[in-house]
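# quick check, what structure comes out for this input:
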Amino acid sequence: MSVEDVVVIGGGVAGLAAALTLADAGLSPLLLEAQDALGGRARAFEPWRLDAPDGPVELPTEHGVHAWWESYRTFDALLARAGARAQLRAAREQTLVWDDGQRIRALNVGRATQDTRLPSPFHLAALLWAPGVLRAVAPSEVTALLAMLARNAEVLAYDDANPSLRAHYAELSAADWTSGMPAVFRAFLKSLTRSGFFDDTTNVSAGALFESLQHYVYAHKGHQRMRYARSTAWTSALLPLWRAAEAKGARLRLGCAVSSLRHTNEGLKVELGDGFLAARRVVLAVERPAAGRLWDTSDAVRAV
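From the prediction side, this is the model:
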């Protein structure tokens, strides 16, 4: 039986980055993706279910990621290596979209946090002067707004290297920490959690949210800038990444879910739904839930 030199598990952005990097190094990685298409969360298709008079209707929609923070310099360099950097366009302004429980609302905040003369991290205060922001705060939420401003001190003071702080905020969910905030700001933080952790605020700790805010929101007002795909994430970023990796020797198998990893005399046994393959090295490029499942079923992962 032939032995693969290196197998990459996961065909999302992380897996594509690993495949391209390995191919650049002269290797011929085999990329395994459980779904029938590359992209992972950046190209996630889920049906939109509607209750029509003649019965339920499902419409195909795309909920993929279409914009990236400018602070993602590693990703920016990756696109440059694939010759795809020109496919992203700088966003001129920002719009917050949220569900207030009755309807979907939108608020254009323009470039308030980017153009303000306030230094970081106080540049976020410019949101309070952005047209419509204060109008989006209900009169009953004024006290909550003031409490939220004071609560930002917790984010600035958070230090993951402090054991007591880390333990305290690890037990507190982001949903609990944001509860009671005005709906527009709670929606923004929920959106940030979804885009950063691909999960709901109920499943993300307050400490993880604090680190995300420190690195991507509070650190520098330039981090507020985003660039978005000119067409879809697939054609603008994901497909060029794969084509660049494939041109340098990377290979792909779709619909190939990995159930576990086992140690053997030859290296690693990658168990699949319809068989297995042998590999000398494996790169795990999957999100937390899938990594957790492999952790529970694989002696090779637990041995790391």
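
# low-confidence bits of the stretch 201-304 of the chain, can you list those?
Low-confidence segments of the stretch 201-304 of the chain (pLDDT under 70): 222-224, 300-304.

# repeat that with 90
Along the stretch 201-304 of the chain, segments meeting pLDDT under 90 span 201, 212-238, 259-269, 273-276, 287-304.

# check contacts around Ser298.
Contact analysis of Ser298 by Cβ atoms under 8 Å, 6 or more residues apart in numbering lists Ser260, Leu261, Arg262. Where you see a C-beta, it was placed from the backbone N, CA and C, and this is true even at glycine.

# show me which of the residues you listed are buried.
Ser260, Leu261 (16 or more other Cβ atoms under 10 Å).

# quick one, phi/psi of the residue nearest to Ala291 when sequence neighbours are not counted?
With Cβ to Cβ, 6 or more residues apart in numbering as the criterion, Ala291 has its nearest non-adjacent residue at 6.3 Å, and that residue is Leu284. Dihedral pair for Leu284: phi -90, psi 110, per degrees, to the nearest 10.

# distance check, the nearest residue to Glu141 once chain neighbours are set aside against Glu93.
Take Glu141 and drop its neighbours on the chain: the residue closest to it by Cβ to Cβ, 6+ apart is Pro182, 4.2 Å away. Shown here: Pro182 relative to Glu93, a distance of 21 Å by Cβ to Cβ, to the nearest Å.

# which of those two has more neighbours?
Pro182 (21 against 11; other Cβ atoms under 10 Å).

# doesn't Pro139 make contact with that one?
No. Here Pro182 does not reach Pro139: they are 10.9 Å apart, not a contact under Cβ atoms under 8 Å.

# where do the helices sit along the chain?
Secondary structure of the chain, counting by DSSP state H: helices at 13-24, 73-81, 112-115, 142-157, 163-171, 174-178, 183-197, 206-213, 233, 239-247, 288-297, 299-302.

# quick one, which of those gets closest to Val133.
helix 183-197 (7.1 Å; Cβ to Cβ).

# and that closest one, what does it pack onto?
Here helix 183-197 is seen to pack against strand 94-99, helix 174-178, helix 206-213 when contacts are counted using 3 or more Cβ pairs under 8 Å, 6 or more residues apart in numbering; DSSP states H and E.

# which of these sits closest to His220?
With Cβ to Cβ as the measure, helix 206-213 is the member of the helices and strands packed on helix 183-197 nearest His220 (12.5 Å).

# so what's the residue nearest to Glu141 up against?
Contacts for Pro182 were tallied using Cβ under 8 Å, 6+ apart; they are Ala136, Val137, Ala138, Glu141, Ala144, Leu145, Met148.

# change it to 6 Å
Applying Cβ atoms under 6 Å, 6 or more residues apart in numbering, one finds that Pro182 lies in contact with Val137, Glu141, Ala144, Leu145.

# that one and Leu107: what is the separation?
Look at Pro182 and Leu107: by Cβ to Cβ, they are 12 Å apart.

# equivalent analysis for Phe276, please.
As judged by Cβ to Cβ, Phe276 and Leu107 stand 52 Å apart.

# then His220?
As judged by Cβ to Cβ, His220 and Leu107 stand 23 Å apart.

# just want to know which of those two has more residues nearby.
With other Cβ under 10 Å as the criterion, His220 and Leu107 differ in neighbour count, and Leu107 comes out ahead with 19 against 16.

# how about the nearest residue to that one, chain neighbours excluded?
Once flanking residues are discounted, Leu107 sits nearest to Leu96: 4.7 Å by Cβ to Cβ, 6+ apart.
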